[in-house]
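sharing a sequence plus its predicted fold:
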Amino acid sequence: MLPPLLVDLAYIVSAFLFILGLKRLGSPATAQRGNALASSAMLLAIVVTLLDRSILGYGALAAGLATGAVLGGLMARLVKMTAMPQLVAVFNGFGGGASALVAAAELMREGGVNPGMAEALAAGVGILVGTVTFSGSAIAFGKLQGVMSQRSIRFPLQRIVSGLLFVALLGGLGWMIVGEVTPALLVAVGGGAFLLGILLVIPIGGADMPVVVSLLNSYSGLAASAAGFVLGNALLILAGALVGAAGLILTQAMCRAMNRSLANVAFGAFGEGGAGASEEGPEKTARRTSAEEAAPLLAFAGRVAIIPGYGLAVAQAQHEVKKLVNQLRARDVEVYFAIHPVAGRMPGHMNVLLAEADVPYDLLLDLEDANDLMDRTDVAVVVGANDVVNPEARTPGSPIAGMPIIEADRARSVIVIKRSLSPGFAGIDNPLFYRARTLMLFADARDAMSDLAREVREV
């Protein structure tokens with residue numbers, strides 16, 4: 001056992017580092033330091049807790065930390081940026097599952113027959129929310145990774161079944177509080193929660209999975225906080241509350257960026273049944289271009305906006321984009337990046353991706369600042385983006401009506417780099433592609449940006 005004063009001081013330091021780290025995660029310029037601070041806080045909290053509670057000896061603790069460090073390092077090196085949402089889903093699932101197991105184990109540690117009301121309530125919430133998070137995150141991972149259908153999966157009376165299951169789980173939670181807690185009851189509540197997590201996520205389309213992952217992140221924090229109440233660990237309560245609050249704020253920000261409510265995400269099946277577009281049609285025609293033809297337009301521009309989307313991330317084109325930016329800035333062309341909050345698969349995705357290529361932070365503008373400049377922008381280069389630049393958002397009755405967009409159509413000229421005219425996640429056509437001032441460069445984003453950088457250099 002460690003001296004109580006030392007434990008309390010360590011927890012205070014950990015709490016301070018958690019809050020400071022979370023604060024610094026709010027800016028790309030300080031996010032790395034924020035992540036390091038939060039990681040250090042978690043390491044300190046784990047070591048102190050395991051040693052204080054005599055759960056592990058020094059040897060087992062060192063072995064566990066070494067194994068985790070190796071696995072974490074490998075994932076950090078091997079997982080691509082495009083797979084970050086999947087990795088976050090896995091982390092959420094593990095966090096929720098671990099909280100559920102800890103709550104159940106602590107409840108049964110002394111036999112669990114008649115626990116106190118507060119302890120039973122906290123344990124029940126931890127088991128329920130943690131298990132829902134685990135199974136829901138597994139489904140989210142499957143949809144994001146493409147190992148299961150990204151379409152909405154529905155069956156008759158699905159909402160009624162989910163509602164009845166939830167009521168039954170509340171009944172089980174109530175019995176845990178006032179009655180006898182047995183292993184069979186815990187298995188029943190855990191099994192029902194596992195099924196509920198699946199039922200809650202399968203109806204949601206793949207386009208909305210980033211929002212679901214963010215919400216499940218909040219759930220994992222709530223489960224951890226509940227486990228903290230069961231264990232009587234103030235730091236775990238605080239850390240879980242911070243994660244829960246941050247996940248909820250992020251979920252709200254994502255819904256606001258798509259002009260949708262959380263209920264609409266859960267039940268609206270965004271992107272279902274959209275119609276695609278052909279490259280040539282009787283009423284609208286896209287103007288094709290090549291890197292050789294587009295390069296002079298960029299080279300002699302006064303201001304260029306680059307609007308990245310998920311296609312840039314898939315093609316891993318960030319380093320080629322940086323080369324083009326360097327070529328343009330060498331010719332005294334003002335360049336800025338217009339970053340939509342939900343470009344990519346989650347908020348901050350584009351910022352982190354561009355940071356990998358050492359794109360200066362001061363070139364990254366948010367939606368409002370970028371739109372303020374768009375009327376005075378000579379060329380807007382859309383790289384693998386679709387819905388976030390779709391003018392249909394300004395059309396009442398459109399599936400994306402009211403969604404804030406990067407208003408690329410206000411630029412004097414637009415170059416769109418895509419593989420085809422296929423619709424985005426919303427499943428609707430994009431009239432920007434057919435406008436007279438829009439040029440379509442059909443190519444892989446990485447190849448296109450490399451060709452443009454070369455051609456601009458030779459102009």
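All right, it came through fine. Residues are numbered from 1 along each chain as shown.

give me the domain ranges for this structure.
In terms of domains, the chain is parsed into 1-78, 81-268, 291-458 (source: automatic domain parsing).

compare these and give me the one nearest residue 285.
Judged by CB to CB, the one of the domains of the chain that comes nearest to residue 285 is domain 291-458, at 6.6 Å. Just so you know, the C-beta spots here come from the backbone N, C-alpha and C atoms, and that holds for glycine as well.

can I get the domains of the chain in TSV with mean neighbour count and distance to residue 284?
Converted to TSV, the domains of the chain look like this (neighbours: other CB atoms under 10 Å; distance: least, CB to CB, whole Å):
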stretch	mean neighbour count	distance to residue 284
domain 1-78	14	38
domain 81-268	20	24
domain 291-458	20	4
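
just send the ones you listed back as CSV, with mean pLDDT too.
Below are the domains of the chain laid out as CSV (pLDDT from 0 to 100):
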stretch, mean pLDDT
domain 1-78, 85
domain 81-268, 86
domain 291-458, 91
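
turn those into CSV, columns for distance to residue 285.
Formatted as CSV, the domains of the chain follow (distance: least, CB to CB, whole Å):
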stretch, distance to residue 285
domain 1-78, 40
domain 81-268, 28
domain 291-458, 7
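
centroid residue for this structure?
residue 346 (3.5 Å; CA atoms, centre = their mean).

tell me how far it lies from residue 336.
Applying CB to CB, to the nearest Å, the value for residue 346 to residue 336 is 22 Å.

now residue 362
Distance from residue 362 to residue 336, by CB to CB: 9 Å.

one more: residue 456?
17 Å.

ok, now residue 320?
As for residue 320, its distance to residue 336 is 18 Å (criterion: CB to CB).

and what of residue 14?
39 Å.

re earlier: what sits against the residue nearest to the centre of the chain?
Residue 346 makes contact with 84, 85, 88, 210, 213, 214, 254 under the criterion CB atoms under 8 Å, 6 or more residues apart in numbering.

just say helix, strand or coil for the nearest residue to residue 361 once chain neighbours are set aside.
Leaving aside its chain neighbours, residue 361 sits nearest to residue 29 (5.0 Å; criterion: CB to CB, 6 or more residues apart in numbering). Of the three states, residue 29 takes coil under DSSP: H, G, I helix; E, B strand; the rest coil.

again with residue 99
helix.

quick one: it and residue 131 touch, right?
No. The criterion here is CB atoms under 8 Å, and residue 99 misses it with residue 131 at 9.1 Å.

who's in contact with residue 44?
10, 13, 14, 17.

does the last one touch residue 41 like I think?
Yes. The pair residue 17 and residue 41 passes the contact test of CB under 8 Å, sitting 3.5 Å apart.

hmm, who's touching the helix or strand residue 321 falls within?
Assigned by DSSP states H and E, residue 321 belongs to helix 318-330. With CB under 8 Å, 6+ apart as the test, helix 318-330 has contacts from 298-299, 301, 304, 306, 308, 312, 335, 353-354, 356-359, 363, 383, 445-446, 449-450, 452-453, 456-457.

can you confirm residue 49 is in a helix?
Yes. According to three-state DSSP, residue 49 belongs to a helix.

now the strands for this protein?
Ranges of strands within the chain are 303-308, 334-338, 364-365, 379-383, 413-418, 438-442, based on DSSP state E.

and of those strands, who's closest to residue 224?
Distance to residue 224, taken as CB to CB, is lowest for strand 364-365 among the strands of the chain, at 32.3 Å.

which strands or helices does the closest one pack on?
Contact here means 3 or more CB pairs under 8 Å, 6 or more residues apart in numbering; DSSP states H and E; on that basis strand 364-365 packs against strand 334-338, helix 349-356.

can you give me the helices in the stretch 101-250 of the chain?
117-145, 158-178, 183-201, 209-231, 234-257 (DSSP state H, counting those that start in this stretch).

now the second one against helix 117-145, angle please.
In other words, helix 158-178. 150 degrees (axes from the mean of the first three to the mean of the last three CA atoms, to 10 degrees).

elements contacting helix 158-178?
helix 117-145, helix 183-201.

how far is it from where the chain is centred?
In terms of CA atoms, centre = their mean, to the nearest Å, the centre of helix 158-178 is found 29 Å from the chain centre.

how about that helix as PDB, C-alpha atoms only?
Only the C-alpha atoms of helix 158-178 are listed here, as PDB (Å, rounded to 0.1, in the frame of the first residue of the first chain):
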ATOM      1  CA  GLN A 158     -37.300  -3.100 -34.900                       C
ATOM      2  CA  ARG A 159     -37.900   0.000 -32.800                       C
ATOM      3  CA  ILE A 160     -40.500  -1.800 -30.700                       C
ATOM      4  CA  VAL A 161     -38.200  -4.700 -30.100                       C
ATOM      5  CA  SER A 162     -35.400  -2.300 -29.100                       C
ATOM      6  CA  GLY A 163     -37.800  -0.400 -26.800                       C
ATOM      7  CA  LEU A 164     -39.000  -3.500 -25.100                       C
ATOM      8  CA  LEU A 165     -35.500  -4.700 -24.600                       C
ATOM      9  CA  PHE A 166     -34.500  -1.400 -23.000                       C
ATOM     10  CA  VAL A 167     -37.500  -1.600 -20.700                       C
ATOM     11  CA  ALA A 168     -36.500  -5.100 -19.700                       C
ATOM     12  CA  LEU A 169     -32.900  -4.000 -19.000                       C
ATOM     13  CA  LEU A 170     -34.200  -1.200 -16.800                       C
ATOM     14  CA  GLY A 171     -36.200  -3.800 -14.900                       C
ATOM     15  CA  GLY A 172     -33.100  -5.900 -14.500                       C
ATOM     16  CA  LEU A 173     -31.300  -2.800 -13.200                       C
ATOM     17  CA  GLY A 174     -34.100  -2.100 -10.700                       C
ATOM     18  CA  TRP A 175     -33.900  -5.700  -9.400                       C
ATOM     19  CA  MET A 176     -30.100  -5.300  -8.900                       C
ATOM     20  CA  ILE A 177     -30.800  -2.300  -6.700                       C
ATOM     21  CA  VAL A 178     -33.600  -3.800  -4.600                       C
END
